[in-house]
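Peer 1: only geometry, no sequence info:
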């Protein structure tokens, strides 16, 4: 069977990389498998005040992001509210992910740029087939995103009802504009303009079933609010967007596996914020792993933020009806 790894993390995004970093602080050195990180991710890249307060190291990245002083909210009836002295900022995900991967690797974690193709249980072990080798590990951490292979082999794939879709553009021309969120009439979702350092993320997100309409709605918004932008590239991707509060009762840990970040479905059902919960779940997973009490992870995340995700899931009709 060859060498048996003690702990392998599949996925090197914020959840996986930060979990690996937190493990190194506790004297545990995981192997991270990821073929593409750090890379730009299809999202706004908004770093919320709550994320900064919980993880102060994020403040170090502020100078590399967009820091509009104003956060503007536009209702679906075009009423506007401006929040001055906005504490958050907007950041390229490629830069942020690169920094967190560096934190982990510089402290002793091992990053292997290989794609996981298949997983198989072998008694109490996991056999991992990558595009270059076959590995074996005692413990498997799934940080491999919304289409998580680890989740498929453990808790089961996230149902379509609990998925969202985002569509958007990376573009120039709005770097000096406020961070803007506009609610959409008729669908539970919103549009955004998130100015970054030298470009902006401009997009829309909603439930998966509204996917066919998103490009049209976004293009109409751009025509009205920022018609002179220059598109660099476009993006689309699924993301966790629970519509059923009971989704957060599903297990995210077993006797030799844990799910974190998007693989766990841990994102705010109202705002779509995922960075905070990627880091938070990674940290809690590291605590459970170093204490060799994997089952405690489910208790930890539910007590610390799961109850909030569940409550916000139940608030969706009220939140979007504005």
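Peer 2: Perfect, thanks for sending it. All figures in this text were calculated on a predicted structure; none of them were measured in a lab.

Peer 1: Quick one: end-to-end distance for stretch 297-306.
Peer 2: 11 Å (C-alpha to C-alpha, to the nearest Å).

Peer 1: where are the low-confidence patches of the protein?
Peer 2: 1-2, 320-322 (pLDDT under 70).

Peer 1: Swap in 80 and give it another go.
Peer 2: For the chain, residues meeting the criterion pLDDT under 80 lie at 1-2, 37, 85-86, 317-322.

Peer 1: Do you have the helices of it handy? List them.
Peer 2: 14-25, 49-54, 93-106, 149-153, 211-225, 275-290, 296-301, 307-314, 316-320 (DSSP state H).

Peer 1: of those helices, which approaches residue 197 most closely?
Peer 2: helix 93-106 (8.4 Å; C-beta to C-beta). Using the backbone N, CA and C atoms, a C-beta is placed for each residue, glycine as well.

Peer 1: From the contact counts, what lies against the closest one?
Peer 2: On a contact count with 3 or more C-beta pairs under 8 Å, 6 or more residues apart in numbering; DSSP states H and E, helix 93-106 meets helix 14-25, strand 110-112.

Peer 1: The helices of the chain into CSV, with extra columns for distance to residue 165 and mean neighbour count?
Peer 2: Below are the helices of the chain laid out as CSV (distance: least, C-beta to C-beta, whole Å; neighbours: other C-beta atoms under 10 Å):
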stretch, distance to residue 165, mean neighbour count
helix 14-25, 20, 27
helix 49-54, 23, 16
helix 93-106, 18, 19
helix 149-153, 18, 20
helix 211-225, 4, 15
helix 275-290, 19, 24
helix 296-301, 25, 20
helix 307-314, 17, 16
helix 316-320, 16, 13
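
Peer 1: Take these and lay them out in a markdown table including distance to residue 121.
Peer 2: Output for the helices of the chain, formatted as a markdown table (distance: least, C-beta to C-beta, whole Å):
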| stretch | distance to residue 121 |
| --- | --- |
| helix 14-25 | 21 |
| helix 49-54 | 35 |
| helix 93-106 | 27 |
| helix 149-153 | 8 |
| helix 211-225 | 34 |
| helix 275-290 | 19 |
| helix 296-301 | 19 |
| helix 307-314 | 29 |
| helix 316-320 | 37 |
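
Peer 1: so which of the ones you listed comes closest to residue 267?
Peer 2: helix 275-290 (6.0 Å).

Peer 1: Give me the angle between the closest one and helix 14-25.
Peer 2: 40 degrees (axes from the mean of the first three to the mean of the last three C-alpha atoms, to 10 degrees).

Peer 1: Output the contacting helices and strands for helix 275-290.
Peer 2: helix 14-25, helix 49-54, strand 134-142, strand 257-259, helix 296-301.

Peer 1: again, only this time at 7 Å
Peer 2: Packing contacts for helix 275-290, counted by 3 or more C-beta pairs under 7 Å, 6 or more residues apart in numbering; DSSP states H and E, involve helix 14-25, helix 49-54, helix 296-301.

Peer 1: I'd say residue 178 and residue 74 touch.
Peer 2: No - Residue 178 is not in contact with residue 74 according to C-beta atoms under 7 Å; the separation is 10.4 Å.

Peer 1: re the thing from before, now distance to residue 170 too, for the helices and strands packed on helix 93-106, in a markdown table please.
Peer 2: Formatted as a markdown table, the helices and strands packed on helix 93-106 follow (distance: least, C-beta to C-beta, whole Å):
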| stretch | distance to residue 170 |
| --- | --- |
| helix 14-25 | 19 |
| strand 110-112 | 25 |
